[in-house]
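Just to be clear, the model below is a prediction. Sequence and coordinates:
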Amino acid sequence: MSRSGMDTVNAFLLDLDGVLLRGMEPLPGAAEFIDTLHATGTPFLVMTNNATSTPDQVAGRLNKMGVAVTPDDVYSSALATVGWLQHRYPAGSRVLYVGETGLRVALAGGGFELVDSHRDADVVVTALDRTITYARLAEAALAINAGCRFVATNPDRSIPTERGIEPGAGAIQAFLQATTGVAPTVIGKPETAFFTLAIERLGCSADETVMVGDRYDTDILGGARAGVRTMAVLTGISTAEELTTAEFPPTWLFADLVELLAAWSGERSSFLVQR
């Protein structure tokens, strides 16, 4: 793929798992890439579908690996869901949620009242919850059946763990959809809402922003649908063959962030020298 045109890339949306880290280890070039973005004043967001952790927790995890991000640099599907809700529901609206700390903190911080009973709810929001109970799911189903809007942070049906593939947020959504017959409004990747809100938060235009990801079905497809260019790295899920033969192949393809940084820095340096 051609490397031309990268001089117009002035802002980055970065996936987390498979791009910056794998498990508890940073991926090659992650620290250097983030350091370069800071040094050049280039806006970026670490954009993750994971709604279980707070930005402080994600930043702390990366900092321990030597990747220098702050909580303000992290934008999760939980935060995007809250942003989406704030455009549609007044402060103090009552939310019955299924999720963990990341979603709970985001909703409360966004001015919503958290409720436990379907009788009190204005809207139902779901994410991954690894301590979910049948009683909690029943309350969510009853609220949806009573007319509450059903909103989901992200569609990931499964998550890879050290034990193997386990149920993800999408599996919880499927349970509730099977019970109620109501499909959720999904905010996270690959849905356009997440990208639109992230670009708005960056304060940049879609034309100058690029999405860096490792998964075609979330990062690359979502970026293409949102009208931003994409950079794929081969340090995560999707293979080069899958990416290059897809309906919306990435604008650029790299082995890892080391190669990406070299290409982007070189293109920008060449452009500045020419000017």
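Yep, it's here.

Find the centremost residue of the protein, please.
Centroid-nearest residue in the chain: Thr48, 2.7 Å away (criterion: C-alpha atoms, centre = their mean).

The residue lying closest to Ala240 once chain neighbours are set aside: what's it in contact with?
Using C-beta to C-beta, 6 or more residues apart in numbering and skipping residues adjacent in sequence, the residue nearest Ala240 is Leu234, 5.9 Å away. All C-beta spots, glycine's among them, are computed from the backbone N, C-alpha and C. By C-beta atoms under 8 Å, 6 or more residues apart in numbering, the residues touching Leu234 are 214, 240, 253-256.

run the last query once more with 7 Å
The contact partners of Leu234, by C-beta atoms under 7 Å, 6 or more residues apart in numbering, come to 240, 255-256.

Make a markdown table out of those and add distance to Asn145, secondary structure and pLDDT.
Formatted as a markdown table, these follow (distance: C-beta to C-beta, whole Å; DSSP: H, G, I helix; E, B strand; the rest coil; pLDDT from 0 to 100):
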| residue | distance to Asn145 | secondary structure | pLDDT |
| --- | --- | --- | --- |
| Ala240 | 46 | helix | 96 |
| Ala255 | 49 | coil | 96 |
| Asp256 | 48 | coil | 96 |
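
Of those, keep whichever come out buried.
Asp256 (16 or more other C-beta atoms under 10 Å).

Between the contacts of Leu234, which sits nearest Gly110?
Asp256 (35.5 Å; C-beta to C-beta).

For Phe33, see how far away the closest one is.
The spacing between Asp256 and Phe33, counted by C-beta to C-beta, to the nearest Å, is 10 Å.

Need the residues touching each of those two.
By C-beta under 7 Å, 6+ apart, no residue touches both Asp256 and Phe33.

With just CA atoms, put the strand or helix carrying Arg201 into CSV.
Arg201 belongs to helix 192-202 when assigned by DSSP states H and E. Provided in CSV are the C-alpha atoms of helix 192-202 (Å, rounded to 0.1, in the frame of the first residue of the first chain):
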residue,chain,number,x,y,z
THR,A,192,-20.3,5.4,13.7
ALA,A,193,-21.5,7.1,16.9
PHE,A,194,-18.4,6.2,18.8
PHE,A,195,-16.1,7.7,16.1
THR,A,196,-18.2,10.8,15.7
LEU,A,197,-18.1,11.5,19.4
ALA,A,198,-14.3,10.7,19.6
ILE,A,199,-13.5,13.1,16.7
GLU,A,200,-15.7,15.8,18.4
ARG,A,201,-13.7,15.3,21.6
LEU,A,202,-10.4,15.6,19.8
